[in-house]
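Peer 1: Below are the sequence and a predicted model for it; my questions follow.
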There are 4 protein chains.
Amino acid sequence: DGSLFLIAGPCVLESEPHARMLADEIQRITDDLKIPYIFKASYDKANRTSIHSFRGPGLVEGCRVLRAISESTGLPVLTDVHTPDDCARVSDALGDSEIVLQIPAFLCRQTDLLIAAAKTGRPVNVKKGQFVAPADMKHAVQKLHDSGNDRVFLTERGASFGYNNLVVDMRSLPVMRGFAPVVFDGTHSVQTPSAGNGVSGGQPEFIPVLARAAVAAGIDGIFLEVHNNPAEAKSDGANALKLDHLKPLLEQLLAIHAAIA
Amino acid sequence: DGSLFLIAGPCVLESEPHARMLADEIQRITDDLKIPYIFKASYDKANRTSIHSFRGPGLVEGCRVLRAISESTGLPVLTDVHTPDDCARVSDALGDSEIVLQIPAFLCRQTDLLIAAAKTGRPVNVKKGQFVAPADMKHAVQKLHDSGNDRVFLTERGASFGYNNLVVDMRSLPVMRGFAPVVFDGTHSVQTPSAGNGVSGGQPEFIPVLARAAVAAGIDGIFLEVHNNPAEAKSDGANALKLDHLKPLLEQLLAIHAAIA
Amino acid sequence: DGSLFLIAGPCVLESEPHARMLADEIQRITDDLKIPYIFKASYDKANRTSIHSFRGPGLVEGCRVLRAISESTGLPVLTDVHTPDDCARVSDALGDSEIVLQIPAFLCRQTDLLIAAAKTGRPVNVKKGQFVAPADMKHAVQKLHDSGNDRVFLTERGASFGYNNLVVDMRSLPVMRGFAPVVFDGTHSVQTPSAGNGVSGGQPEFIPVLARAAVAAGIDGIFLEVHNNPAEAKSDGANALKLDHLKPLLEQLLAIHAAIA
Amino acid sequence: DGSLFLIAGPCVLESEPHARMLADEIQRITDDLKIPYIFKASYDKANRTSIHSFRGPGLVEGCRVLRAISESTGLPVLTDVHTPDDCARVSDALGDSEIVLQIPAFLCRQTDLLIAAAKTGRPVNVKKGQFVAPADMKHAVQKLHDSGNDRVFLTERGASFGYNNLVVDMRSLPVMRGFAPVVFDGTHSVQTPSAGNGVSGGQPEFIPVLARAAVAAGIDGIFLEVHNNPAEAKSDGANALKLDHLKPLLEQLLAIHAAIA
């Protein structure tokens, strides 16, 4: 209906109480602002730079937590899938809860994963690979359509720009909206991919800048990894938005969204 | 004072009546919208892809036209300088008219040109080279300051992104605002540099997208090459904004600018 | 021992007789030139641009063919794995034949895939992602080492350079040789990723140029997809090397390799 | 005649004795190796990152030194020109000495500079801009041809690759050889443009890697800035080749050049 929706939550499920706290806090804000909200958390970080980094509770326990949060809050949830087998397992584990399956950016060309996600009948969010031209995302959408699933959206999270840096090409947003609704991921877009010391860094000071720009360029939804204490986050803290900053940022984004309506 | 200013006009001075017509039409619009306006036109296109392309009336005749327009409209004007010698000649030719000297992007590291522009005492607008990191524009600003001129602003017009393509990195805007007021050039940013057939192409459909995004990211001024009939423009028609589209675009930009105030 | 080795074969297993013919032809050439040779073919192309493209015979039939070829020729073989489960299945299917498991470039950061490949005890070739800085490949190597496998090598196949284009940064070769032996993939490096029409294109005229340059820069092995008739290849024909051109190219590469010894 | 030629010398003329010493030392090496040699030095560094950096002795004194060196050694010399006026002044100052006028990379699209250089009748070396696609260098060559000068060559020195980094695309070499003889600049190609602290850095460890690769890819000449003590060089020391390393490198390049003949 033209309103901007939000996908937000921690990068990874750190614990059930922590995830629940974030879901509750963010839901309070989005209720206030009348923003449709999808809770986001990963049960497994499958491509950490180092093998020793925290990965999450795994599929079974993670889906249990996501379902519990969905049931108590009434929120739809979103989580990543990494192999074709994950798709039905996650979908089944969520039961009657609404869930969006997310295809990670590195995996956006893995045909079997896209087909398996499509065949669950759940909505699918495909993140654009850092190595993919916006116009080529029509092929990802086509793979999902050809597998019988039209509930697709696409997410921009930056393109490779030299080494250890990403750039957001705002032209990608209208290009991809020609294929499906488009979400802008304001937190991974400020990542500085693994800067050689075994962890990816970030430039969180640019989250509001890029999020404002993307809303003004024209998008359907905004994706933000949020943490009450980014310095303590178990994954991607370097590019997370501080929970305290979420409400003022959303207010600004809504004002911009209204200005271009 | 926080209001967004506009730099606009034809890419090149095609004829005095044509330039005057554009100045008048744009001034009517900016008066309506209460936008401070600087008339922009080049007297010489010094880096056309082909030696056979139209270059303009030259410095002497071009400055005569710019001064005449400035005197009859009361507008400040902006034009490019290409060699150190040009700077004093242009400044002198403009007399009491207000003029901004613009350093072309390819020339933004030419020390003598920056010094000569600075020494005129006129405001100087330095376009960021397509090959320059935003943080490095502090060196250009420093060269002007060291030459005794503090009336400096910087313009973003895209960065090299592979071959024959530019990308606008919205992070550059807050980075460069740390050094000087920042203008976003919405029309050169959609250029597709000389695509092999001897002329540079463009994607004018992205002008509003990028301009909206830049205003939302936060800028001080907007730069737009405008033409009543881009298909007939004698330079850069492929990425010019059609005059008819200027007012609605500016209205949208003002609304966004107000939304983030 | 300082000699250059070759990994070569068709992109995908088109048929057993076709694969066998290529293995035999290439083996004849490498025997002549005294080049250690690993036969390469994929049983499944898991990330084709379009869902309708030919993917190959699948894991079971593909591994049967690879083993048969290995047994009759005595050649080691190399093939791609796409999910953690594939790794043990492929390794087991090959029995006593020597096999190298190859991690596709898009999947080079998928921790579980690297671990599963490592745990087979087979040598593992990790292709550098188009989105990965050369220095960061040490993390991929570390994941394999940490999983108990030291038989690792790394392959360069180009980095994202704007849209639909790759560039080979020759600096990557010595950087990655700091971590493991390095192979240069001369055919995927000339790919022009999915150029919008549903198939990836290529610039095979640059295969010899880049291969010569890489050998001169310093590498341990060379990877080439070879086809008797690239125009009829069922996958990646646009960037395959014509079989007829293989021997003269290898002769040139050996001469360069000797020149820098 | 198919032999590789060398353009080498200090980045900037530091003093007449220093320049002469380098010319003599390099000439001894190239005589030994039977490599045609052009002495290179700049009289003015016109685009230093900082206004406070050393720029050189200026045109008049610089040309005097270049001529004196040319007359005593019999070597042709090469130097940069920065404005149209420089061209005839430099050409005249060199008298009967052979000189190549070099167009700096940032200035490779400045039409008047190309025309003025062409009109001297001297050979012209155009460096490819970091922002220019190789195929587009045909326009620079055409501008020189159209101005009556066919003694043109083109130099590769890297392309913008994200911020503060360059990449050498070896495909550019055969592409540009379609227009003119091609030189590879092995020292500026390892520059890391102004890394924010007011000076450009470099990665001299990659000079031999890239030079070997370029010779193997196929070039006509090699360009190297050489210094007896790079740490003390007054410009671009961070990416200069140490004089001691020149002879072994040239021997390797000649061996590669012979291997591909």
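Peer 2: On my side now, so go ahead. These numbers were taken from a predicted model, which means no experiment stands behind them.
Peer 1: State which helix of chain A is the longest.
Peer 2: Longest helix of chain A, by residue count under DSSP state H: helix A:16-33.
Peer 1: What lies in contact with it?
Peer 2: A:6, A:8-10, A:13, A:36-37, A:39, A:41, A:65, A:68-69, A:72-73, A:75, A:226-228, A:243, A:246-247, A:250-251, A:254 (C-beta atoms under 8 Å, 6 or more residues apart in numbering or on different chains). All C-beta spots, glycine's among them, are computed from the backbone N, C-alpha and C.
Peer 1: For whatever residue of the stretch 101-250 of chain A ends up closest to chain D, which non-adjacent residue is spatially closest?
Peer 2: Using C-beta to the nearest C-beta, the single residue of the stretch 101-250 of chain A nearest to chain D is residue A:162, 1.5 Å away. Using C-beta to C-beta, 6 or more residues apart in numbering or on different chains and skipping the chain neighbours, the partner closest in space to residue A:162 is residue D:162 (1.5 Å).
Peer 1: burial count for the one you found?
Peer 2: 22 (other C-beta atoms under 10 Å in any protein chain shown).
Peer 1: Does it touch residue A:161 like I think?
Peer 2: Yes: Residue D:162 is within contact range of residue A:161, at 4.7 Å (criterion: C-beta atoms under 8 Å).
Peer 1: what packs against whichever strand or helix holds residue A:138?
Peer 2: Using DSSP states H and E, the element containing residue A:138 is helix A:137-146. Applying 3 or more C-beta pairs under 8 Å, 6 or more residues apart in numbering or on different chains; DSSP states H and E, one finds that helix A:137-146 contacts helix A:111-119, strand A:124-127, strand A:152-156.
Peer 1: Just the C-alphas of the first one, formatted as PDB.
Peer 2: Below are the C-alpha coordinates for helix A:111-119, written out as PDB (Å, rounded to 0.1, in the frame of the first residue of the first chain):
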ATOM      1  CA  THR A 111      19.900 -22.400  -8.600                       C
ATOM      2  CA  ASP A 112      19.100 -25.300  -6.300                       C
ATOM      3  CA  LEU A 113      18.800 -23.000  -3.300                       C
ATOM      4  CA  LEU A 114      16.500 -20.600  -5.100                       C
ATOM      5  CA  ILE A 115      14.300 -23.500  -6.300                       C
ATOM      6  CA  ALA A 116      14.100 -25.100  -2.900                       C
ATOM      7  CA  ALA A 117      13.300 -21.800  -1.300                       C
ATOM      8  CA  ALA A 118      10.600 -21.100  -3.900                       C
ATOM      9  CA  LYS A 119       9.000 -24.500  -3.400                       C
END
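Peer 1: what's the angle between it and helix A:137-146?
Peer 2: Computed by axes from the mean of the first three to the mean of the last three C-alpha atoms, to 10 degrees, the angle separating helix A:111-119 from helix A:137-146 equals 50 degrees.
Peer 1: what is the mean pLDDT for helix A:111-119?
Peer 2: Taken as a whole, helix A:111-119 carries a mean pLDDT of 97.
Peer 1: Name the residues of that helix that are buried.
Peer 2: A:111, A:112, A:113, A:114, A:115, A:116, A:117, A:118, A:119 (16 or more other C-beta atoms under 10 Å in any protein chain shown).
Peer 1: again with the last one
Peer 2: Buried residues in strand A:152-156, defined by neighbour count with 16+ other C-beta under 10 Å: A:152, A:153, A:154, A:155, A:156.
Peer 1: Including distance to residue D:178 and pLDDT, could these go into JSON lines?
Peer 2: Below are the buried residues of strand A:152-156 laid out as JSON lines (distance: C-beta to C-beta, whole Å; pLDDT from 0 to 100):
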{"residue": "A:152", "distance to residue D:178": "44", "pLDDT": "98"}
{"residue": "A:153", "distance to residue D:178": "45", "pLDDT": "97"}
{"residue": "A:154", "distance to residue D:178": "39", "pLDDT": "98"}
{"residue": "A:155", "distance to residue D:178": "42", "pLDDT": "98"}
{"residue": "A:156", "distance to residue D:178": "37", "pLDDT": "98"}
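Peer 1: Which of those residues sits closest to chain B?
Peer 2: residue A:156 (12.0 Å).
Peer 1: So which elements touch the helix or strand bottoming out on mean pLDDT in chain A?
Peer 2: Least confident element among the helices and strands of chain A, by mean pLDDT, DSSP states H and E: strand A:201-202 (a mean of 86). Secondary-structure packing of strand A:201-202 (3+ C-beta pairs under 8 Å, 6+ apart): strand A:191-192.
Peer 1: so how far is the strand it packs on from its chain's centroid?
Peer 2: Chain-centre distance of strand A:191-192: 15 Å, with C-alpha atoms, centre = their mean, to the nearest Å.
Peer 1: May I have the strands that pair with it, each with its orientation?
Peer 2: Here strand A:191-192 is paired, per DSSP bridges, with strand A:201-202 (antiparallel).
Peer 1: Stretch A:71-89: which residues count as buried?
Peer 2: For stretch A:71-89, burial by neighbour count (16+ other C-beta under 10 Å) applies to A:73, A:75-87.
Peer 1: Just the ones of the residues you listed in strands?
Peer 2: Per DSSP state E, strands hold the following members of these: A:77, A:78, A:79, A:80.
Peer 1: Are the longest strand anywhere in chain A and chain B in contact anywhere?
Peer 2: Longest strand in chain A by number of residues (criterion: DSSP E): strand A:221-227. No: Strand A:221-227 stays out of contact with chain B when judged by C-beta under 8 Å from any C-beta of the partner chain, the minimum separation being 12.7 Å.
Peer 1: Not counting its own residues, what contacts that strand?
Peer 2: Under C-beta under 8 Å, 6+ apart, the answer for strand A:221-227 is A:4-11, A:22, A:26, A:40, A:153, A:155, A:157, A:181-188, A:207, A:211, A:214-215, A:233, A:236-237, A:239-243, A:246, A:249, A:253.
Peer 1: buried subset of those residues?
Peer 2: For the contacts of strand A:221-227, a neighbour count by 16+ other C-beta under 10 Å gives the buried set as A:4-11, A:22, A:26, A:40, A:153, A:155, A:157, A:181-188, A:207, A:211, A:214-215, A:233, A:236-237, A:239-241, A:243, A:246, A:249, A:253.
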